[in-house]
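Undergrad: everything below, folded, please.
(one chain, ligands or ions: 1)
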Amino acid sequence: MLHHDFRRFLNALDDLNPAQIEDAQTKIRDLRRKTEAISEIEARTNQEHKCPFCGDERRQKWGRTRTKVQRYRCTGCQKTYSGRTGSAIGRIHRPDLFMMALRDMLGTSAPQSVRKLARRLGLNKYTVWRWRMLVFSIIDSSSAMSFSEIIEADETYQRESRKGSRKWVRHFADPKKVTPPPCPRWEDFTTQGLKMMRGLSKWQLPILTVADRGGARLFRRLPNRKGVTLERAMKPLVPADAVLCSDGANGYKNLAAAGSLEHFVVGSKPSTRVASGCYHIQNVNSLHARYKRFIQPFCGPATKNLSGYIRWLEVRLAGMQPADILQTA
Ligand SMILES: [Zn+2]
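TA: Just a heads-up that it's a prediction; the model follows:
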């Protein structure tokens, strides 16, 4: 806006009635939120000195963006870019609302459901859902966690879910041609269903939880319930001089035997939870409780997204902030 236009605009403010002043205030607050979010995102993302279009590192300063962030021009391809260009969140149209959604995901209070968050932000629920999946893809690369000294391990279970799958629907539409899928429907999991069906445990997916007393912790979805799978997943996590505490499942026993590890087997009943003194699995048990509390509002996330939810919980427990996420975007 030209300087004298802006003067005129400011002078016009004198004629506003109280309701219009309220409106103008809201509008300005929203604008400020938006520019703050954009500059936060631009300042945090793509700090590498590389052109997002051609990868050239040669560049020169090329003014500033509308949000006062440094813009560059690539010497190689002559294109201009700033921090947000080329990042995973570069194309989001409402960065201010995205930042609010991101803060909700990482806040200290429980995250809201997609539906509720969408209503609060005035957005379509599919937009919020896409953003959540986008954040999942950013946090996907879990850093290598290392454990030492007294290491606790145990598994918790998450019911298999094919939320969004059309397999049963297709079967019922044409039972002669389309065979039923080999998995139970959610109705089969009701108390009555459990009595009628055997082998439902097959559809409970194991999630391995490992923690040491130094605060390192990990959740990992295991592909199946076999002892050898568990052993293979545990092996790189437990150094040779560590002490293992577990419920004594075969995977843990074999791991300890193969590596001559000191291994304390702890019962799952309350009276047997502590083998002796500091040898217990109460930290992983409390992680399981946190997992259940965390996952419960999502009413059984689709199995294909389960790893994303698990990683989300890890990120929350680690106290990651929106800025940390933006840096890897
Ligand atoms: Zn370039």
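Undergrad: where in this protein is the helix or strand with the lowest mean pLDDT?
TA: Per-element confidence for the chain was summarised using mean pLDDT, DSSP states H and E. The lowest value among helices and strands belongs to helix 191-196, with a mean of 46.
Undergrad: show residues contacting the helix or strand following it.
TA: Remark: after helix 191-196, the chain's next helix or strand is strand 204-212, criterion DSSP states H and E. By C-beta atoms under 8 Å, 6 or more residues apart in numbering, the surrounding residues in contact with strand 204-212 are 145, 147-160, 216-222, 224-225, 230, 233-234, 237, 242, 283-284, 287-288, 291, 303, 306, 310. (C-beta placed from N, C-alpha, C; glycine too.)
Undergrad: which of the residues you listed fall in strands?
TA: 150-159, 217-221 (DSSP state E).
Undergrad: please pick the buried ones from these.
TA: Taking 16 or more other C-beta atoms under 10 Å as the criterion, what is buried in those is 150-156, 158, 217-221.
Undergrad: show me the two of those that sit farthest apart.
TA: I150 and Q158 (26.4 Å; C-beta to C-beta).
Undergrad: for the host helix or strand of K61, name the packing helices and strands.
TA: Using DSSP H and E, K61 maps to strand 59-64. Based on contacts counted as 3 or more C-beta pairs under 8 Å, 6 or more residues apart in numbering; DSSP states H and E, the elements that strand 59-64 packs against are strand 70-74.
Undergrad: what does this structure have sitting close to the ion?
TA: Residues of the chain found near the ion (C-beta under 5 Å from the ion) are 51, 53-54, 56, 74, 76-77.
Undergrad: spell out for me the PyMOL command that would select the buried members of these.
TA: Here is the PyMOL selection string for the buried members of the residues of the chain next to the ion, based on 16+ other C-beta under 10 Å:
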select buried, resi 51+74
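Undergrad: got the contact list for the nearest residue to L208 once chain neighbours are set aside?
TA: Counting by C-beta to C-beta, 6 or more residues apart in numbering, L208 lies nearest to R220, which is 4.8 Å off, once chain neighbours are set aside. The contact partners of R220, taken as C-beta under 8 Å, 6+ apart, are 207-208, 210, 233, 310.
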